[in-house]
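*Asks:* sequence unknown, structure follows:
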């Protein structure tokens, strides 16, 4: 059955949740009618004019790219700018545009998994694990007859969500005791008298960012004028998602041989693969990060890997990382390091749609959108003029 665009987006969002994207990122549907039918989907790294032409010429109904078209807010998409013209061309020809960027970087599996697989790594784990959103646990004591209303109020405020389940709570019974003091207005008992009440101990988790609103809902729903409650900040627990991957080769090899392996595994680019380190050093444990990964240089050093494969490495951070005892560095073209993910993403889309009884035709763009088109090695060291 032919899916609608909304069906395709639902599968992509499930595989690469938009909520996991970095706060500065812009992911999801850029243009397109959610009710339109989708027969063909083209996958590419960059939303550039040549890729848009390929999508239109092939008759794609949807173009899925890794890199966003718009990272900064715009007030219009007039066809007087390159990006505006691209949007107009896609819309005019019935092609939607969808982006999965940092949400695909941190997914399990994601961009770095595809890069690691391409160069033959196994036993993968995140280089910088995602610990998920910080969580609290609320513990509150409620008279047993009033527990349902308090539980419902806390649920409405956003507490008690675990995975795909909501209104999750733990309740145990016990006896609460108190003596109202002067000026109190007790719901149960009288000023000066010791009171014992059958109560539930109610426990629920909640995202830390909504702590204030959950506490406000607690006070609103609880029958006591002074509810007894505790808030605990839960420890961060690493997940299988996160940026980058660490894995091992089946057999150790020299940095020289490993550099050749990486170059053979990725699409050819003008800049090829650059390596920094002793060419004869042994490489067995490797970290990778698709795209630009010099922000993880220190993380790779602490991971104790022999080599780190990523893109867009800059002179000073790379030099300082090597001097600081870091691993050998392999600098690949940004586009080339992310290109292997396209096939993975297409396969996951087809699997997700098949589970819903839908199918589409997919294609991986072969257009090299690496911006560099010419490379001249120059003179050997020591032969240039002073």
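*Replies:* Sure, I can see it. Values in this document were obtained by computation on a predicted structure and should not be read as measured data.
*Asks:* Now the phi/psi pair for residue 191, please.
*Replies:* The phi/psi pair for residue 191 (degrees, to the nearest 10) reads phi -60, psi 130.
*Asks:* Residue 304 now?
*Replies:* Main-chain torsions, residue 304, degrees, to the nearest 10: phi 70, psi 30.
*Asks:* number of nearby residues for it?
*Replies:* Residue 304 has 10 neighbours, counted by other C-beta atoms under 10 Å. C-beta: built from backbone N, CA, C; applies to glycine.
*Asks:* which residues in the stretch 151-300 of the chain form strands?
*Replies:* 170-178, 195-207, 229-233, 242-254, 273-276, 282-292 (DSSP state E, counting those that start in this stretch).
*Asks:* Show me where this protein dips below the pLDDT cut-off.
*Replies:* Scanning the chain for pLDDT under 70 picks out 380-386.
*Asks:* in the stretch 1-150 of the chain, which spans are strands?
*Replies:* Using DSSP E, counting those that start in this stretch, strands in the stretch 1-150 of the chain cover 28-31, 40-44, 62-65, 96-99, 122-129, 135-143.
*Asks:* Neighbouring strands of the first one in the sheet, and parallel or not?
*Replies:* Right, strand 28-31. Each strand paired with strand 28-31, and its direction, by DSSP bridges: strand 96-99 (antiparallel).
*Asks:* now the second one
*Replies:* Counting by DSSP bridges, the strands paired with strand 40-44 are strand 62-65 (parallel), strand 361-364 (parallel).
*Asks:* Of those strands, give the one that comes closest to residue 243.
*Replies:* Proximity to residue 243 (C-beta to C-beta) singles out strand 62-65 among the strands paired with strand 40-44, at 19.5 Å.
*Asks:* Distance from the chain centre to the closest one, please.
*Replies:* Centroid separation for strand 62-65 versus its chain: 18 Å, with C-alpha atoms, centre = their mean, to the nearest Å.
*Asks:* swap in stretch 298-305?
*Replies:* Worked out by C-alpha atoms, centre = their mean, stretch 298-305 lies 21 Å from the chain centre.
*Asks:* before we move on, the earlier item: can you say which of the strands paired with strand 40-44 is packed in most?
*Replies:* Neighbour counts (mean count of other C-beta atoms under 10 Å) averaged over each of those peak at strand 62-65, with a mean of 27.
*Asks:* Show me the contact partners of it.
*Replies:* Applying C-beta atoms under 8 Å, 6 or more residues apart in numbering, the external contacts of strand 62-65 come out as 5, 8, 12, 32, 38, 40-47, 51-52, 55, 90, 95-100, 345, 349.
*Asks:* so residue 353 touches residue 2, yeah?
*Replies:* No. Assessed by C-beta atoms under 8 Å, residue 353 is found out of contact with residue 2, at 10.0 Å.
*Asks:* And those two? Which one has more around it.
*Replies:* residue 353 (22 against 11).
*Asks:* Tell me who's in contact with that one.
*Replies:* For residue 353, counting by C-beta under 8 Å, 6+ apart, the contacting residues are 3, 7-8, 11, 359-360.
*Asks:* out of those, which are buried?
*Replies:* 3, 7-8, 11, 360 (16 or more other C-beta atoms under 10 Å).
*Asks:* just the helices in the stretch 1-150 of the chain please.
*Replies:* Under the criterion DSSP state H, counting those that start in this stretch, the stretch 1-150 of the chain contains helices at 5-15, 49-58, 82-92, 102-105, 111-118, 147-156.
*Asks:* would JSON lines of the ones you listed with distance to residue 254 be doable?
*Replies:* Below are these laid out as JSON lines (distance: least, C-beta to C-beta, whole Å):
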{"stretch": "helix 5-15", "distance to residue 254": "37"}
{"stretch": "helix 49-58", "distance to residue 254": "37"}
{"stretch": "helix 82-92", "distance to residue 254": "44"}
{"stretch": "helix 102-105", "distance to residue 254": "30"}
{"stretch": "helix 111-118", "distance to residue 254": "20"}
{"stretch": "helix 147-156", "distance to residue 254": "59"}
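*Asks:* I'd like to know which of these is closest to residue 299.
*Replies:* Ranking those by proximity to residue 299 (C-beta to C-beta) places helix 111-118 first, at 12.5 Å.
*Asks:* Can you give the contact residues for the closest one?
*Replies:* 66, 104-105, 124, 127, 243-245, 247, 265-266, 286, 288-291, 309, 337-338, 340-341, 343-344.
*Asks:* Would you mind giving me the ChimeraX syntax to select the buried ones in these?
*Replies:* Under the burial definition 16+ other C-beta under 10 Å, those of these that qualify are selected in ChimeraX by:
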select :66,104,105,124,127,243,244,245,247,265,266,286,288,289,290,291,309,337,338,340,341,344
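*Asks:* before we move on, back to that, right, so of the strands of the stretch 1-150 of the chain, which gets closest to residue 225?
*Replies:* Smallest distance to residue 225 across the strands of the stretch 1-150 of the chain (C-beta to C-beta): 12.9 Å, for strand 135-143.
*Asks:* and that closest one with strand 170-178, angle?
*Replies:* Using axes from the mean of the first three to the mean of the last three C-alpha atoms, to 10 degrees, the direction of strand 135-143 lies 50 degrees away from that of strand 170-178.
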